[in-house]
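1. Have a look; sequence and predicted model below, questions after that.
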Amino acid sequence: MLRSLHIENIALIEKLDVEFDDKFNIMTGETGAGKSIIIDALNFVLGERADKSLIKTGRDFAQVEAHFVFSDMHDWLRLFFESVNLDPEAEIVISRYMSLLGRNECKVNGKAITIGMLKGLTKHFVDVLGQHDHQILLDIKNHIKLLDKLNEEDIILLKSKIKNQLSAIHKIDLAIKELGGSDIERSREIEILRYQIKEIEQAEISEKDEADLLEKRQMFQHSQKISENLSQAYGSLKDDNFNILGQLKQAEKNLNSCSGLFSGADELASRLSNSRYELDDVAETISQVLQNLEYSENQLNNIEERLDMYNEFRRKYGKEVSNILTYLEEARQKLFLFENCDTRLKELASDKKVEIQKLFDFTSQLTITRKKISKDIKEKIECELKEVGMKHAEFDVVFKNLYTAEDIEKVCTEDGADDIEFMFSANLGEPVKSLSKIISGGEMSRFMLAFKCVVDVDSDKTFVFDEIDAGIGGDVANIIADKLSQISRHNQVLCVTHLAQIASHATRHFKIEKGERNGATYSQLTMLDDEARIYELARMIGSSGSEPALLHARQLLENARR
């Protein structure tokens, strides 16, 4: 149960400390007084999302602390304490702090934890039910989740098995895909690979070939400049007017004539001879280059076409020639694999058939389990609906399943293959129809209460009902009040209400009021004694202070106590 709540700087609340009864706690007040702020503060400390707008104007932080006491050391509580390295306790103090600077801090018994850990903990012992929860129930997509909560242990186990089967089938599908997929896909892939292999092989590409082509293109594109300079260079070496080589030959003869006449003459002649031969070779090479510079426009076009081919290959197969050649080798290996995979494909097909049958079996077991839950919930909810004055109400869970072993792979997800919807009828003789289409506001409040009594009843849980009485009144309000009172015999109940019939059943009644102080608006919470309760109930009836209203309020309290 929630023993106490400390709130600081939340919306209109500057500072508030409140202690709750372990049975039926009611909060009442005028519209806008701040009743919802208490619920917002509680949601905040329980781990719900919150933004800085929750912080009171003029303050730089907000803080809420909640003190919970448990009658038993539950397994989930023990596991939580183990996960944060704390000694297990039957009491926990949860605090949460948020500042304008972005600091967000959560602690349990002084130990810092994450928001995710906090929500994982508090879901076990607090259930906040507000008007928005009606929308959850009206959304068909949520029906299967709500149903699964009734037998989470078995459902989770079956979902885990289904998840493993889907994973196993996915791995087989990947293996088949690596072998080309279906026969049609593989045949198409083989044709593509053959074409690509042939195209690359016939091109006879290489890094050297491309480099030579680039060099030739550059030479052809600048042939005139190259020809002029090479001709001048050749002329400098062999032209009759200059003839460097002839002069070097004459110099060599002169040195040879001095052979033996001084030391080093032979060496100098030899060095000169080597230089002359080297320059002669250079001249011959220049001559050959000049001859090769003679080209046709067609030759340049052929070079450009081949270089374009290299660029196209890069676009298709890889950025570098080495990448293209690697692709070629991989394509050869893949082609060999595709052309010789019949045996492996048969093995994979056989394995997949076995895994799909397992998937179908587990999915069918999940459907059977859900149908058993549905039968049980149908009986219990209809019983609860009768208790809240809907004597002829009918409830059913309709399974719109069409899956078979042949199509289970296509329709199954990790949640199974069930397509369900909650159906409802409030009147005798009327067939059940979609809950989301026919239920009224007053019926919805009673249905939600009945549903919670079936799904979430727990003797060590705190139920928070935020204006569950919306859209109801009269005898229905008395019935809702009785039901909430029954729930509070085994669970703590916190309820925000506008109805005197419900408020009269409280074992502890709080009034929320809004006032002004020092030029600022604030909300305060007061626990009412018996006399103050009578006046508050009279106000809620609509004739505050009048003797008939006060008499009516006293009668409501007396009836509730009986």
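-> Perfect, I can see it now. All values reported here derive from a predicted model rather than from experimental measurement.

2. Find the nearest non-adjacent residue to Met527, please.
-> Phe510 (5.5 Å; C-beta to C-beta, 6 or more residues apart in numbering). Bear in mind the C-beta positions are built from the backbone N, C-alpha and C, glycine included.

3. Quick check: the one you found is in a strand.
-> Yes. Judged by DSSP: H, G, I helix; E, B strand; the rest coil, Phe510 forms part of a strand.

4. What is the neighbour count of it?
-> Phe510 has 22 neighbours, counted by other C-beta atoms under 10 Å.

5. now do Gln524
-> 18.

6. And Asp183, by the same measure?
-> Other residues close to Asp183 by other C-beta under 10 Å number 9.

7. where does the residue nearest to Met527 land on pLDDT?
-> If you check Phe510, the pLDDT there is 95.

8. For Glu30, see how far away it is.
-> Separation of Phe510 from Glu30 (C-beta to C-beta, to the nearest Å): 14 Å.

9. Give the residue spans of the stretch 201-350 of the chain that score low on pLDDT.
-> 239-242, 293-296 (pLDDT under 70).

10. rerun at 50
-> Residue ranges of the stretch 201-350 of the chain with pLDDT under 50: none are present.

11. Quick check: Tyr403 is in a helix.
-> No. Assessed with three-state DSSP, Tyr403 is coil; it does not lie in a helix.

12. Next, count neighbours for it.
-> Counted with other C-beta under 10 Å, residues neighbouring Tyr403 total 19.

13. How much space separates it from Val354?
-> On the measure of C-beta to C-beta, Tyr403 and Val354 end up 18 Å apart.

14. okay, which residue is most central for the protein?
-> Gly116 (14.1 Å; C-alpha atoms, centre = their mean).

15. helices or strands next to the helix or strand containing it in the packing?
-> For Gly116, the host element (DSSP states H and E) is helix 115-122. Packed against helix 115-122 by the contact rule (3 or more C-beta pairs under 8 Å, 6 or more residues apart in numbering; DSSP states H and E) you find helix 35-46, helix 75-83, strand 91-99, strand 104-108.

16. now do 7 Å
-> strand 104-108 (3 or more C-beta pairs under 7 Å, 6 or more residues apart in numbering; DSSP states H and E).

17. what packs against the strand it packs on?
-> Short answer (3+ C-beta pairs under 7 Å, 6+ apart): strand 104-108 packs on strand 91-99, strand 111-113, helix 115-122.

18. relative orientation of it and strand 91-99 in degrees?
-> Relative orientation of strand 104-108 versus strand 91-99 (axes from the mean of the first three to the mean of the last three C-alpha atoms, to 10 degrees): 170 degrees.

19. which residues make contact with strand 104-108 from outside it?
-> 84, 92, 94-98, 112-115, 118, 121 (C-beta atoms under 7 Å, 6 or more residues apart in numbering).

20. Now the buried members of these.
-> Those of the contacts of strand 104-108 that meet the buried threshold are Ile92, Ile94, Ser95, Arg96, Tyr97, Met98, Ile113, Leu118, Leu121, by 16 or more other C-beta atoms under 10 Å.

21. Farthest-apart pair in the residues you listed, please.
-> The span of the buried ones among the contacts of strand 104-108, defined through C-beta to C-beta, is set by Ile92 and Met98 at 19.9 Å.

22. returning to what we had before: is it possible to get a markdown table of the buried ones among the contacts of strand 104-108 that adds distance to Glu305 and pLDDT?
-> Listed next are the buried ones among the contacts of strand 104-108 as a markdown table, based on distance: C-beta to C-beta, whole Å; pLDDT from 0 to 100:
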| residue | distance to Glu305 | pLDDT |
| --- | --- | --- |
| Ile92 | 80 | 94 |
| Ile94 | 77 | 96 |
| Ser95 | 77 | 96 |
| Arg96 | 73 | 95 |
| Tyr97 | 73 | 95 |
| Met98 | 70 | 94 |
| Ile113 | 70 | 93 |
| Leu118 | 70 | 92 |
| Leu121 | 72 | 90 |
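
23. Looking at those residues, which is nearest Asp22?
-> Scanning the buried ones among the contacts of strand 104-108 for proximity to Asp22, where the rule is C-beta to C-beta, the winner is Ile92, at 15.8 Å.

24. Tell me the bridge partners for that closest one.
-> Beta bridges link Ile92 to Phe68, judged by DSSP bridges.

25. That one touches Ile113, doesn't it?
-> No. Using C-beta atoms under 7 Å, Ile92 makes no contact with Ile113, being 11.1 Å away.

26. ok but Ser160 is inside a helix, no?
-> Yes. The assignment for Ser160 is a helix, going by three-state DSSP.

27. Can you check what pLDDT the model gives it?
-> At Ser160, pLDDT is 95.

28. The one 10 residues further on too?
-> What the model reports as pLDDT for His170 is 95.

29. same question, the one 3 residues further on
-> Each residue has a pLDDT score; the one for Asp173 is 92.

30. Quick check: which element contains it?
-> helix 152-178.

31. chain center to that helix: distance?
-> 19 Å (C-alpha atoms, centre = their mean, to the nearest Å).

32. quick one: buried residues of that helix?
-> Residues of helix 152-178 classed as buried: Asp154, Ile155, Leu158, Lys159, Lys161, Ile162, Gln165, Leu166, Ala168, Ile169, Ile172, Ile176 (neighbour count, 16+ other C-beta under 10 Å).

33. Centre of the chain to the helix or strand following the helix holding Gly116, how far?
-> As assigned by DSSP H and E, the chain's next helix or strand after helix 115-122 is strand 126-129. On the basis of C-alpha atoms, centre = their mean, strand 126-129 sits 25 Å off its chain's mean C-alpha point.
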